[in-house]
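>>> Below is the sequence, then the predicted model.
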Amino acid sequence: TDRQPKYKRILLKLSGEALMGDEEFGIDPKVLDRMALEIGQLVGIGVQVGLVIGGGNLFRGAALSAAGMDRVTGDHMGMLATVMNALAMRDALERSNINTRVMSAIPMSGVAERYDRRRAMRYLNTGDVVIFSAGTGNPFFTTDSAACLRGIEVDVDVVLKATKVDGIYDSDPVKNPDAVKFDQLTYDDVLDRKLGVMDLTAICLVRDHDMPIRVFNMNKPGALLNVVVGQNEGTLVSP
Ligand code: UDP
């Protein structure tokens, strides 16, 4: 492809649910392969890719807690779920011949490397995909916050949040056919209008550090590449 990337380094956040495909739980290998292909296109045009994958397809602390489990234990399970997703994604990426490193915020010798910022940046510089797993390593956080935190730490140009809809709307487009999509918003717009794009912790973090976020539809084939070459796809949240 002759398409020129707009960004040198990105952080892509995939929800765990995105990996389920049409299933109710777990991981659909077909979806992983499609994502690996799309991520490979970015690597192919020289974009450095960091990945954060959620765990909602397996476990969420809040849901386990609502069912009676201790919240912190549930969050630990949720973070471990993100490690499983990361291993599955690495497998798919490496089958597509893309060198991939899995780092974990929770040390897990023999399974994943311990997260180390400078080492992660070295890997990114050599063109390896780096998957930041186990969230922030702390309970009561989300992988959206982890994506924003790691994105800021390793100095990406943009955090890309992959969703099931093609941007941020003034109301839920699945429920409301008259929902209007925004092309661009400020962090304060998101907070004032309570748009629920990401949790408040994540939004405040990116706001404090002027890190732009783009929300786009990962179910639309080619959308990820469009975003990275600077086409108007989804919604941009910036200062
Ligand atoms: N989690 C956590 N700390 C973090 C990131 C995640 O405790 O820094 C736990 C939390 O229980 C969360 C689960 O891991 O519900 C899975 O992450 P998330 O819900 O963000 O996944 P997604 O919705 O993106 O699939």
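Great, that's in hand. Note that the coordinates shown come from a computational prediction; the quantities given were computed from them, not determined experimentally.
>>> is it fair to say residue 50 lies in a strand?
Yes. Assessed with DSSP: H, G, I helix; E, B strand; the rest coil, residue 50 lies in a strand.
>>> ok, it - how many residues close by?
The number of residues packed around residue 50, counting by other CB atoms under 10 Å, is 27. Using the backbone N, CA and C atoms, a C-beta is placed for each residue, glycine as well.
>>> do residue 237 as well
Residue neighbour count, defined by other CB under 10 Å, stands at 26 for residue 237.
>>> again, but for residue 194
Applying other CB under 10 Å, we find 8 residues neighbouring residue 194.
>>> secondary structure class for it?
Put simply, residue 194 is coil when judged by three-state DSSP.
>>> Next up, the contacts around residue 126.
residue 99 (CB atoms under 8 Å, 6 or more residues apart in numbering).
>>> So which residues on this structure come close to the ligand?
Within the chain, the positions adjacent to the ligand are 15-17, 54-56, 60-62, 74-75, 78-79, 81-82, 135-136, 138-139, 141-144, 146 by CB under 6 Å from any ligand atom.
>>> The same query, at a cut-off of 5 Å, please.
Remark: the part of the chain in contact with the ligand comprises 15-16, 54-56, 60-61, 75, 78-79, 135-136, 139, 141-143, 146, using CB under 5 Å from any ligand atom.
>>> how about the strands in this protein?
Along the chain, the segments classed as strands by DSSP state E run 9-14, 48-53, 100-104, 113-114, 129-133, 158-163, 168-169, 181-182, 184-186, 213-217, 235-238.
>>> Relative to its centre, which residue of this structure is most distant?
Here the chain reaches farthest from its C-alpha mean at residue 68, the gap being 28.4 Å by CA atoms, centre = their mean.
>>> quick one, phi/psi of that one?
phi 110, psi -10 (degrees, to the nearest 10).
>>> quick one: it from residue 128, how far?
Computed as CB to CB, to the nearest Å, the residue 68 to residue 128 distance reads 41 Å.
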